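> sequence-free structure coming up:
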């Protein structure tokens, strides 16, 4: 009867059609795509405005109801999925889809949290601008979730993490109060930069309902090459030379192993091998410029020609059209998805100093192959910023559940090597539930204490996304 009373009140606040109580209606909100978590909730709430989010939170605060904010449900650490205890209410931001303002002259856009990232790209495109955040899940992830997790993606090399793209935020606090910080100023040195507390906080301090974001000039020229190399050390050498010669014109530099490409060729629709021969490693390299006069293709050919003469590059294919550029990126963005078809995959989202990437890969791959003979490491990602998705697929023919039972032990091995290089156990996916218990091994006591103090100050009842991060 208590839950019925809550449902009735929520229906008054946001409409009965947006209060989901049946298993069929709730299903899309209770599982994440890797099937690591399956939650239970009494109600899924779908408010349609900041004011409705505020009303829901005020009621939840008064009645001590736990709330789990959810965007596009593409998170990879379980932070958006309710606990199995069944006492957490899911609050979806999917109906907050308004584009509130586009300022082409000021290179800013203000949107609500439920705007899908790909739609945000399209809105920027309409005014000949670029929003550079680019992710494999951009057709379904939402900007509010991107901000809440400080998403990285493939454009960090030139444009930074999501944190670097945010000018202002609108946030509903656990009490239901609304903080309007939607400023689009490039300079505002008036005390604490409060928005930074909510970026990357994974919905534990407040619910982001809207954001003012930076736009950039749309590239007039874009060139890409798919490059075959023998080793990660050669890839690092190529990156060093490309960065030195191209500077900010170098907008993408992604590394992939042969096994990852083979997975894509087997399981990713439309994928084809860009090179005639096989190579142990590959780099997807992109250069772009906002000027029609800039010789982007000449620069790319010059960099790769010099690298070929120096023995760094074995072969390369140049994109001859925008469609071919997209084909190259299709392979890169599909790298994680295709691993599901190869059975169990133990995943690590880690970062090390850029110069240490080759040594990290050598040590980590050898270590996991010793731990599970026959396993297939598939490390790929953003070599230009040191972020490697160190995923390890099960041996061919192995039992999936038996292999995945080794998750914690393999994590300990890989994260130990990451620590040896002074790296991070979470480069861009966040902490959520998956890595919560690992924090004490990588954060000092004072860091954890400060984080707990901040959480208590914003959410003294511990009702907003409890048990995530901390």
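Arrived safely, thanks for sending. Not measured: the values here are computed from a predicted model.

> and residue 432, what is it in contact with?
Contact analysis of residue 432 by C-beta atoms under 8 Å, 6 or more residues apart in numbering lists 75-80, 202, 468-469. C-beta here means a position set from N, CA and C on the backbone, and glycine is covered the same way.

> hmm, 6 Å instead?
With contact set as C-beta atoms under 6 Å, 6 or more residues apart in numbering, residue 432 has these partners: 77-79, 468.

> before we move on, what about residue 339?
345, 391, 393.

> can you map out the strands along the stretch 51-200 of the chain?
Assigned by DSSP state E, counting those that start in this stretch, the stretch 51-200 of the chain shows strands spanning 66-70, 88-92, 99-103, 108-112, 129-130, 166-172, 178-181.

> Show me what residue 256 is bridged to.
Counting by DSSP bridges, residue 256 forms beta bridges with residue 282.

> How much space separates the spatially most central residue of the chain from residue 142?
In the chain, the centroid-proximal residue (C-alpha atoms, centre = their mean) is residue 151; its distance is 3.8 Å. Distance of residue 151 to residue 142, given as C-beta to C-beta, to the nearest Å: 11 Å.

> And the helices in the stretch 201-350 of the chain?
Here the stretch 201-350 of the chain has its helices, by DSSP state H, counting those that start in this stretch, at 232-246, 258-267, 296-309, 322-333.

> Quick check: which of those is nearest to residue 170?
For residue 170, the closest of the helices of the stretch 201-350 of the chain is helix 322-333, at 30.1 Å, according to C-beta to C-beta.

> buried ones in the closest one?
For helix 322-333, burial by neighbour count (16 or more other C-beta atoms under 10 Å) applies to 325, 327-333.

> who touches it?
Applying C-beta under 6 Å, 6+ apart, the external contacts of helix 322-333 come out as 136, 224, 226, 254, 264, 271, 284, 319.

> contacting residues around the last one?
It stands for residue 319. Residues near residue 319 by C-beta under 6 Å, 6+ apart: 224, 325.

> so where's the protein shaky on pLDDT?
Applying pLDDT under 70 to the chain picks out residues 1-2.

> tell me the domain ranges of it?
2-92, 99-217, 221-333, 343-442 (automatic domain parsing).

> now those domains as JSON lines including distance to residue 464?
As requested, the domains of the chain are exported to JSON lines (distance: least, C-beta to C-beta, whole Å):
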{"stretch": "domain 2-92", "distance to residue 464": "6"}
{"stretch": "domain 99-217", "distance to residue 464": "5"}
{"stretch": "domain 221-333", "distance to residue 464": "32"}
{"stretch": "domain 343-442", "distance to residue 464": "14"}
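
> Which among the ones you listed is found nearest to residue 456?
Residue 456 lies closest, by C-beta to C-beta, to one member of the domains of the chain: domain 99-217, at 10.5 Å.

> Give me the distance between residue 126 and residue 81.
Applying C-beta to C-beta, the value for residue 126 to residue 81 is 34 Å.

> So the two - more neighbours on which side?
Higher neighbour count among residue 126 and residue 81: residue 81, with 26 against 10, using other C-beta atoms under 10 Å.

> isn't the more buried one right up against residue 35?
No. Using C-beta atoms under 6 Å as the test, residue 81 is too far from residue 35 to be in contact (10.8 Å).

> and which of the contacts of residue 432 is nearest to residue 232?
Looking across the contacts of residue 432 and measuring by C-beta to C-beta, the closest to residue 232 is residue 77, at 25.9 Å.

> What sits closest to the closest one if chain neighbours are left out?
Of all residues not flanking residue 77 in the chain, residue 432 sits nearest, at 3.0 Å (C-beta to C-beta, 6 or more residues apart in numbering).

> Could you say which helix or strand holds the one you found?
Here residue 432 sits in a region with no helix or strand, counting by DSSP states H and E.

> any chance of the buried residues of helix 322-333 in CSV, with distance to residue 374 too?
Below are those laid out as CSV (distance: C-beta to C-beta, whole Å):
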residue, distance to residue 374
325, 36
327, 32
328, 30
329, 31
330, 29
331, 25
332, 26
333, 28
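
> from those, which single one is nearest residue 259?
Of all the buried residues of helix 322-333, residue 331 has the smallest distance to residue 259: 13.0 Å, by C-beta to C-beta.

> Neighbours of residue 190, how many?
Neighbours of residue 190 under the rule other C-beta under 10 Å: 8.

> How about the backbone phi and psi for it?
phi -110, psi 60 (degrees, to the nearest 10).
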